[in-house]
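Peer 1: Just to be clear, the model below is a prediction. Sequence and coordinates:
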Amino acid sequence: MLNYVWISLIAVGILAAIGNDIKDEASNTYRNGQPILVKFEVRSAPTGSGTTWIGDFVISVEEFNHFYGLNMSGATIRQPVTLNVGSSGEGSFFFSTSDGTPARWKEMAKSASAKDKLTGKVQSLSSSENRKSAAAQIVFEPIRFVKIKAVTQAALDYANTAVEISLGLIGIMALWLGIMKIAEEAGLIKVLTKLLTPLTKKLFPDVPPDHPAIGAMIMNIAANMLGLSNAATPMGLKAMEELNKLNTKLGTATNAMCTFLVINTSGLTLIPATAIAVRAAAGSANPALIIGTSIIGAACATTAGLIAVKVLQRLPRFRKDLEVANG
């Protein structure tokens, strides 16, 4: 059933993208083939027989809005650009998008022949006597099928991300499964299980205290509490595998499975190591500032989840299903 949901969402996304592209083409949203007049302020003029000009395209926001049918705010748009124009005043131009580039040009650049770079033709360039500025009439390269290209690119990007995550997870799974095996052989799992038996009996009354699932759940919860993110996944999968061996009604989650899923999903954390690392990489002045709020937030989520799962498993409907399965 889930496969049908996914394929339906993909089909809807593709159809919506095609519909938007047809609409853009009909209304000529990107003004393909239409010239726009801009002021070219020169920063570097060609010398000798050269044809390369470096400077800025300058256009008022009012004229920009009129040309593209937009409603931007501001006064003037200034875009660094490179021109290759001969003595005839005709040639080509290109520029890379930046923070100061208008959103419409950024959108166009994503579907241009060179990613994040717009090119076009210079139909005329009339320089002033001091060669410091010029009136330029330009035409951008044709921009079409923006939405469907974006959908296709996003699919490729996320497919690549999925492969990277999968390959990265192999090493983590191997490491933690190895640690689990070493801890099991050394008797560490039994020690931890005995220490936490009073707690696990209350949380998972249907699971025997010495069952392998208890050890896997303890390791998973410990990894989550240390904020090790994907490192907790192998133990979570192992715990569900072991809990499923106690399941008398295959295909239906047991009370223990639901309780463990709540604890795992709520992410009870003492040290959000992954979040701290991300903040540090982003240049945060105090990346560990989130520890307190993370602990409080995760504790509230875990408490709410445990209350909900314990209340729901006592409702007659779910208890009846359990009794039927056990019978």
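Peer 2: In hand now; what should we look at? Quick caveat, the model's predicted, so the values are computed rather than measured. Numbers count the residues shown, from 1 in each chain.
Peer 1: Residues in contact with stretch 209-221: which ones?
Peer 2: With contacts defined as Cβ atoms under 8 Å, 6 or more residues apart in numbering, stretch 209-221 is touched by 176, 179-180, 183-184, 189-190, 192-193, 196-197, 200-201, 204, 207-208, 232, 235-236, 238-239, 242-243, 245-246, 256, 260, 263-264, 268. Backbone N, C-alpha and C define where each C-beta goes, glycine included.
Peer 1: That one: how far from the chain's middle?
Peer 2: Using Cα atoms, centre = their mean, to the nearest Å, we find the averaged C-alpha position of stretch 209-221 to lie 32 Å away from the chain's own average C-alpha position.
Peer 1: Report how many residues lie close to the closest residue to Phe204 other than its chain neighbours.
Peer 2: Excluding the flanking residues, the one nearest Phe204 by Cβ to Cβ, 6 or more residues apart in numbering is Ala256, at 4.7 Å. When counting by other Cβ atoms under 10 Å, one arrives at 25 neighbours for Ala256.
Peer 1: Renumber starting at 792 from here on
Peer 2: From this message on, residue numbering opens at 792, which makes the last subject Ala1047.
Peer 1: what residues does the helix or strand harbouring Ala1047 touch?
Peer 2: Element membership of Ala1047, judged by DSSP states H and E, is helix 1046-1057. Applying Cβ under 8 Å, 6+ apart, the contact partners of helix 1046-1057 are 994-995, 997-998, 1004, 1008, 1011-1012, 1015, 1023, 1027, 1030-1031, 1034-1035, 1037-1038, 1044, 1089, 1092-1093, 1095-1097, 1099-1101, 1103-1104, 1113.
Peer 1: now with 6 Å?
Peer 2: By Cβ atoms under 6 Å, 6 or more residues apart in numbering, the residues outside helix 1046-1057 that reach it are Leu994, Phe995, Asp997, Val998, Met1008, Gly1027, Leu1034, Ala1092, Thr1093, Gly1096, Val1100, Gln1104.
Peer 1: Please parse the chain into its domains.
Peer 2: Following the assignment in automatic domain parsing, the chain carries domains at 822-934, 978-1117.
Peer 1: Quick one: the ones you listed as CSV, columns for distance to Leu800 and mean pLDDT too.
Peer 2: What follows is these, written out as CSV (distance: least, Cβ to Cβ, whole Å; pLDDT from 0 to 100):
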stretch, distance to Leu800, mean pLDDT
domain 822-934, 22, 89
domain 978-1117, 22, 79
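Peer 1: give me the number of residues near Ala945?
Peer 2: Ala945, neighbours per other Cβ under 10 Å, totals 11.
Peer 1: Check Glu955 too.
Peer 2: Glu955, neighbours per other Cβ under 10 Å, totals 10.
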